[in-house]
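*Asks:* With the input below, show me the fold.
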Amino acid sequence: MTRPPIHQQVTFLYTRDLPATAHFYETIMGLTLVLDQGDCRIYRASRDGYLGFCKRAATPERPTGIILTLATPEVDEWYQYLSEQGIVFEKAPTFNPEYNIYHCFLRDPNGYLIEIQRFFDPSWPGGSQAAETEV
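*Replies:* Alright, predicted model coming up:
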């Protein structure tokens with residue numbers, strides 16, 4: 001039997017404050033709400049990738065061990081856009097030669113670390129070879 005296909009992907013994360021989370025992802029990040037289940041809201045992050053946030057009391061105040069990475073060639077444009085929205089970044093856009101990426105970091109209202117990243121590895125979908133000339 002061949003492996004059946006997977007058509008979409010949803011990452012669910014917990015939140016104590018669903019209204020603040022909804023404001024951040026809908027108004028600041030501009031993600032489209034695709035499903036409101038009351039205590040869970042699901043957003044389109046890419047064509048077939050989704051983020052879901054569910055209100056749960058047992059959510060850590062500053063989650064560790066999770067990096068929510070959004071891949072795009074427009075890292076600088078996202079940095080400028082979010083800075084104009086009043087977002088304070090933990091790390092401005094920089095080239096990381098160890099992983100051959102260009103990235104920046106910020107936190108959402110829940111304390112989740114968000115990385116906005118561009119891959120230069122040509123084996124990654126959308127990656128390119130010319131890191132030195134493009135950054």
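
*Asks:* Only C-alpha atoms from now on, for both contacts and neighbour counts.
*Replies:* Will do.

*Asks:* can you pull out the helices in this protein?
*Replies:* 18-22, 75-84, 131-134 (DSSP state H).

*Asks:* Select from these the stretch with the lowest mean pLDDT.
*Replies:* Lowest mean pLDDT of the helices of the chain: helix 131-134, a mean of 48.

*Asks:* re the thing from before, export the helices of the chain to CSV and tack on mean neighbour count?
*Replies:* Formatted as CSV, these follow (neighbours: other C-alpha atoms under 10 Å):
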stretch, mean neighbour count
helix 18-22, 17
helix 75-84, 15
helix 131-134, 10
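
*Asks:* In CSV, list those along with distance to residue 100.
*Replies:* As requested, the helices of the chain are exported to CSV (distance: least, C-alpha to C-alpha, whole Å):
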stretch, distance to residue 100
helix 18-22, 31
helix 75-84, 14
helix 131-134, 7
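
*Asks:* wait, which of those is closest to residue 90?
*Replies:* Minimum separation from residue 90 across those (C-alpha to C-alpha) falls at helix 75-84, 11.3 Å.

*Asks:* Just give me the neighbour total for residue 14.
*Replies:* 20 (other C-alpha atoms under 10 Å).

*Asks:* Please disregard the earlier target; I meant residue 27.
*Replies:* Neighbour tally, residue 27, other C-alpha under 10 Å: 12.

*Asks:* On the pLDDT front, check it for me.
*Replies:* On the pLDDT scale, residue 27 gets 97.
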